[in-house]
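> the following block contains a protein sequence and its predicted model.
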Amino acid sequence: MELNLQEALRYLGGGDRPPETLRRLAEPVAQRLTAAIRPRYCYRVFPLTRQAEGYVLEGTGVTLRGQTARTMLSDCRQAALLACTLGAPFDAMLRTEQARDMAQAVLLDACGSAWVEAGCDQAESELQGLLPALYLTDRFSPGYGDLPLSLQPALCAALDAGRRLGLSVTSSLLLNPAKSVTAIVGLSHRPQMARVRGCAHCTLRETCALRKGGKHCAL
């Protein structure tokens, strides 16, 4: 598992061709982070039933409604839930950096985002290895497209993520610890060509500072 430094630089607003000075500043921060903290993750596979109101993850009480779920899961009979976190140690590390050097804290925060995504990538790779006959869709998360953040508590409960990873959901539906992700991955017997990642499907498209500057986060 490797931290994608290019992705971290995009989070910092560096675009597709970030300045070399920014890369030199971020590299030691990424190295320090990856030496100190490893992403932790868990996942479970559920049968998927299509009903009038949406796609139901059997045995969980979770219904995935809306166009994003329809686009991603229309050819799937199963779906995997996954969660990944850098845990409380990253939050403590970031607070310490914020008190000492805000510029370094910004670099650390971006590297943390890239590092938790690397954990999600690793979880997907394991899932693909366990299910070699199936094809994975892109992963998608609450808050992306029209999939609501209100799903967070139910997804965490279905994964038992509180016990397994120490995850909780705040009253504003954010994950705690902060550098944590939940996601859904459809599983199909046919190759999946649909892609929902991109500015056109993002709920932040109207307010995103990157997009206003003519850049993107590459998600």
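Perfect, I can see it now. Owing to the predicted nature of the structure, the values given are computational and were not obtained by experimental measurement. Residues are numbered from 1 along each chain as shown.

> what sits up against stretch 118-127?
Stretch 118-127 is touched from outside by 1-4, 38-43, 45, 80, 82, 84-86, 136, 139, 181, 183, 185, with contacts defined as C-beta atoms under 8 Å, 6 or more residues apart in numbering. C-beta here means a position set from N, CA and C on the backbone, and glycine is covered the same way.

> go again using 7 Å as the cut-off
With contact meaning C-beta atoms under 7 Å, 6 or more residues apart in numbering, stretch 118-127 is reached by 1-4, 39, 41, 43, 80, 82, 84, 136, 139, 181, 183, 185.

> which of those fall in strands?
Assigned to strands by DSSP state E, the following of the contacts of stretch 118-127 qualify: Tyr41, Tyr43, Ala80, Leu82, Cys84, Leu136, Val181, Ala183, Val185.

> put together CSV for those residues, with pLDDT on each row.
Converted to CSV, these look like this (pLDDT from 0 to 100):
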residue, pLDDT
Tyr41, 97
Tyr43, 97
Ala80, 97
Leu82, 96
Cys84, 97
Leu136, 94
Val181, 95
Ala183, 96
Val185, 96
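
> could I get these as CSV with distance to Cys120?
Shown next, in CSV, are the ones in strands among the contacts of stretch 118-127 (distance: C-beta to C-beta, whole Å):
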residue, distance to Cys120
Tyr41, 7
Tyr43, 10
Ala80, 11
Leu82, 7
Cys84, 5
Leu136, 12
Val181, 6
Ala183, 6
Val185, 9
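
> just the residues you listed now: which is nearest Val106?
Val181 (19.9 Å; C-beta to C-beta).

> the closest one contacts Gly143, doesn't it?
No - when contacts are counted by C-beta atoms under 7 Å, Val181 is not listed as touching Gly143 (10.3 Å).

> counting neighbours, go ahead and name the busier of those two.
Val181 (22 against 18; other C-beta atoms under 10 Å).

> mind checking how far the residue lying closest to that one once chain neighbours are set aside is from Leu108?
Once flanking residues are discounted, Val181 sits nearest to Cys84: 5.1 Å by C-beta to C-beta, 6 or more residues apart in numbering. Distance of Cys84 to Leu108, computed by C-beta to C-beta, to the nearest Å: 18 Å.
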